[in-house]
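what's the 3D shape of this:
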Amino acid sequence: MQNEFKCEPITVITPTALMSPVVHGGRAKCLQRLVRLDMPVPETVALSFDAVHEIAIGKMPDMAAVLVPFGDAPLLSVRPSSQDPDWGGPGAILNIGMNNARHAVMSTQMGEKAATALYLRFVRAFAVHVSRLDPDAFDIPEKEDRGTLTHMLEAYEYETDEPFPQDVAVQLAEVLRSMARAWDGTTARLLRQAKGAPADAGLGLVVQAMALGVGQGECGSGVIQFVDGATGLPQITGRYLGQSQGRAALGGADGAIYLTKDERGPSLEELRPKLFAELVAHGALCRKKLREEMQIEFTIENNTLRILDAVRVQRASRASVRIAVALAEDKIIPREEAVMRVEPTALSSLLHRQVDPTAKRDRIVTGIAASPGAASGRIVLTASEAQASAARGEACVLVRRETTPEDIRGMHAAAAVLTMRGGVTSHAAVIG
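Residues are numbered from 1 along each chain as shown. I've put the predicted structure just below:
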């Protein structure tokens, strides 16, 4: 199918561009759909699976052609675009194009502190993820000043025996080459095959103009979704962090605020009600036109909203059913499609008891769930105690360091089994 679909290796994403998820990946195609909906998506160029494969084997595209849509001295980001978003891909690289000259210009525009922070983060990302240098040598200290930047640039030159690249075309080419080769690595191949991807699955790359989340006026970044991923019920969730980029708001950073009004702290709805209303409108439009509940990644740059990406909301089995039913009831998708959207494997977990995701709880330990469902009961430490508990009609949870075949009677008697050792292929997990 991919060979029959005629396309250019480098495609500017416009409403009428010839694009397909089997050629450019799901992220690139979704961005085109957002552009068609007149959402404020920054200028974006998509590289096809074939183009990325050529990059991986050393055949670089015409970098001038890639850069033309972005004008002079651009700042760019690169993100992966696999056919199925669940297959993953290399991490995004931001602020490509930062160099000494751009740092000087931006220092006068937005202040030296903000410009230095951008440059530092790009140097570290380039050193660690592109040049594959020791990350310990590029840790960013709390004090982000010109001295720290000079030290990091010197560390890069010391480790590589060459100055940090200043040409945006060189920087972008190295980023593209690194991400293309990472996709073809053995570990990446095994990970995506475990998620159901074919061995020869292709990767597209998306080059996008940076929407700076730092600078003058209201600036920041955040993520928003409109349903609860655990229950599937309508609920606006996400966070926003001023003077930040990417998904920093979700990393537990100090200063991240809520999106809707919340008694626990300030919110974007209170801080910038018009921008919040725009986000909500974009979310409703995505649901109606993309026929799916989407999580939207956004940036605010000097009081202007930019939509960077939209992905399908990650959801539990119960939420998957509820979302499909809601979309059908709202006549966004037909009932037959709603049924087909629920994975058969989800039915098993739906038939088991569940813990109310909204209930308060005291979490003592966390571990690997080897089987679906939930259980409650008194803790017992031996198989004989589990049998005695069952004889009295009392539910119990058998807790062992690790189980042996001799524990089988206690395992059958207990409502659940918890072990300190082992994984999803250990004795207790297999029996469970």
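
from here on, just use CA atoms for contacts and neighbour counts.
OK.

show me what the residue nearest to Gly238 when sequence neighbours are not counted bridges to in the sheet.
Distances taken as C-alpha to C-alpha, 6 or more residues apart in numbering place Ile224 nearest to Gly238, at 4.6 Å, with adjacent residues excluded. Beta-bridge pairing for Ile224 (DSSP bridges): Gly238, Ile296.

where's Ile224 relative to Asp184, distance?
From Ile224 over to Asp184 the distance is 32 Å, taken as C-alpha to C-alpha, to the nearest Å.

how many neighbours does Thr358 have?
Look at Thr358: counted by other C-alpha atoms under 10 Å, it has 8 neighbours.

so what's Leu133 up against?
Leu133 makes contact with 127, 159, according to C-alpha atoms under 8 Å, 6 or more residues apart in numbering.

what about stretch 180-197, how long is it end to end?
Stretch 180-197 stretches 17 Å from its first residue to its last (C-alpha to C-alpha).

just stretch 239-258 next, same as before
Stretch 239-258 has an end-to-end distance of 5 Å (C-alpha to C-alpha).

now do the buried residues in that stretch.
Residues 239-249, 256-258 are the ones in stretch 239-258 that count as buried (16 or more other C-alpha atoms under 10 Å).

so what's Leu203 up against?
24-25, 48-49, 52-53, 80-83, 89, 180, 183.

now Met63: how far from Gly97?
Met63 sits at a distance of 13 Å from Gly97 (criterion: C-alpha to C-alpha).

neighbour-wise, which one of the contacts of Leu203 leads?
Ranking the contacts of Leu203 using other C-alpha under 10 Å puts His24 first, with 31 neighbours.

and the residue nearest to Lys261 when sequence neighbours are not counted, what are its bridge partners?
Nearest in space to Lys261, with sequence neighbours left out and distances taken as C-alpha to C-alpha, 6+ apart, is Ser267 at 5.4 Å. Ser267 forms beta bridges with Tyr258, as assigned by DSSP bridges.

neighbours of Gly97, just the number please.
Neighbourhood size, Gly97 [other C-alpha under 10 Å]: 25.

pretty sure it sits against Pro165.
No: with contacts counted by C-alpha atoms under 8 Å, Gly97 stays clear of Pro165, the gap being 9.5 Å.

which neighbours do these two share?
Residues touching both Gly97 and Pro165 (C-alpha under 8 Å, 6+ apart) are Gln171.

below-threshold pLDDT in this structure: ranges please.
The chain contains residues with pLDDT under 70 at 1-6, 251-253, 424-425, 427-428, 431-432.

please enumerate the strands of it.
10-12, 44-47, 76-82, 93-96, 203-209, 220-227, 234-242, 257-258, 294-301, 304-312, 378-380, 396-400, 416-419 (DSSP state E).

could you pull out the helices in the stretch 1-150 of the chain for me?
21-24, 26-36, 49-56, 63-67, 100-110, 112-125, 146-160 (DSSP state H, counting those that start in this stretch).

any idea how far Leu149 is from the residue lying closest to Ala137 once chain neighbours are set aside?
When the adjacent residues along the chain are set aside, Ala137 lies closest to Ala155, with 7.2 Å between them (C-alpha to C-alpha, 6+ apart). Per C-alpha to C-alpha, Ala155 is found 10 Å from Leu149.

verify the contact between Leu205 and Ser77 for me.
No: Leu205 lies out of contact with Ser77 (C-alpha under 8 Å); the separation is 10.2 Å.

tell me which of these two has more neighbours.
Neighbour tally, Leu205 and Ser77, criterion other C-alpha under 10 Å: the higher count belongs to Leu205, 28 against 20.

so that one bridges to which residues?
Beta-bridge partners for Leu205, by DSSP bridges, are Leu47, Pro80.

look up how far Ala416 lies from it.
For Leu205, the distance to Ala416 - C-alpha to C-alpha - is 45 Å.

and Cys396, which of the helices of the stretch 1-150 of the chain is closest to it?
Closest to Cys396 of these, according to C-alpha to C-alpha: helix 26-36, at 46.4 Å.

what comes up buried for the closest one?
Residues of helix 26-36 classed as buried: 26-35 (neighbour count, 16+ other C-alpha under 10 Å).

what residues are up against Glu270?
260-261 are the contacts of Glu270 under C-alpha under 8 Å, 6+ apart.

for the nearest residue to Ala395 once chain neighbours are set aside, the count of nearby residues, please.
Distances taken as C-alpha to C-alpha, 6+ apart put Gly377 closest to Ala395, at 4.7 Å, once the chain neighbours are dropped. Gly377 has 14 neighbouring residues, counting by other C-alpha under 10 Å.

surely Gly377 is in contact with Glu394?
Yes: with contact defined as C-alpha under 8 Å, Gly377 reaches Glu394; the gap is 7.4 Å.
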